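Undergrad: Make a model of this:
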Amino acid sequence: MTAIFKRELRSYFTSPIGYVFLGITLLVSGIFFVYSNLYRTVKDMSDFFNDLTLIFVLLLPLLTMRLFTEDKKNKTDQLLLTAPVTVTKIVVGKYLSAVVLFGFALVIMLIYPFVMLLYGKINLLPIFALYLGFFLAGASLISIGVFISATTESQIIAAVITFITIFGIMISGWIASVFNYPFIRYAVDWFSVFKRFTEFTAGVLSLSSVVYFLSFSAVFIYLTVLSIEKKRWS
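TA: The predicted structure follows:
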């Protein structure tokens, strides 16, 4: 698993993908931070992170689209599947490579709260809860992209389907509110990654939401393993 993780993480920087992802993420986050916090002199970063969910929709598909489709394109998928390593380790290694790159961007963005400290005292605990919630939400959505990459043959198709799926999850709450059925709204809110993230934007470190995000990722990793195992023995 470690070898696969290192190979995939390295591949982000032997192609433009890693640089494009980090560059655009830091550029967009910098613009949002200057406007949401410095220009408006706001010490709360919840608006900043709410705006930054745009990264989920636009850039996470870029991270995940090639994880399995690249192997299929280069005809190396069968070599990988016949290697002395389990499918689970292959999937987890690829998944973690995308999560680590996403997390690396967040680590760089930790500079923002310390910039705010130059302008006065701030409460760091709710801000770090926001960072944790954003990371967990991103990791959950990455697991969807990994699953889609494993079940499609083309990078472009994988990226488009992942984009549509994440966007659909983002607007699911609005769609549910159109229907006058409280049960539907409750169910959508309970399952929605973005609704769970709003608990962190309120400065609440919710254990149930942490468990939800971890379980969400585990389910899609498991589904990815099942999908590959099915192809392996078909």
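Undergrad: what element comes up after the helix or strand of the chain with the lowest mean pLDDT heading to the C-terminus?
TA: Lowest mean confidence among the helices and strands of the chain (mean pLDDT, DSSP states H and E): helix 77-81, at a mean of 65. Per DSSP states H and E, the first helix or strand lying C-terminal to helix 77-81 is helix 87-108.
Undergrad: and that following helix, how far from the chain's centre?
TA: Taking Cα atoms, centre = their mean, to the nearest Å, one finds helix 87-108 lying 10 Å from the centre of the chain it belongs to.
Undergrad: name the helices or strands packed onto it?
TA: helix 2-11, helix 16-33, helix 54-64, helix 77-81, helix 124-150, helix 207-233 (3 or more Cβ pairs under 8 Å, 6 or more residues apart in numbering; DSSP states H and E). All C-beta atoms are positioned from the backbone trio N, CA, C, and that covers glycine.
Undergrad: Convert the C-alpha atoms of the helix or strand just after that helix to CSV, please.
TA: Per DSSP H and E, the first helix or strand lying C-terminal to helix 87-108 is helix 111-117. Output in CSV follows, covering the C-alpha atoms of helix 111-117 (Å, rounded to 0.1, in the frame of the first residue of the first chain):
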residue,chain,number,x,y,z
ILE,A,111,-1.3,30.7,7.6
TYR,A,112,-4.6,32.6,7.3
PRO,A,113,-5.6,32.4,11.0
PHE,A,114,-2.1,33.6,12.0
VAL,A,115,-2.3,36.5,9.6
MET,A,116,-5.6,37.4,11.4
LEU,A,117,-3.8,37.4,14.7
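Undergrad: shift numbering so it begins at 343
TA: Renumbered: residue one is now 343, and that last one reads helix 453-459.
Undergrad: And helix 453-459, what's buried?
TA: Tyr454, Pro455, Met458 (16 or more other Cβ atoms under 10 Å).
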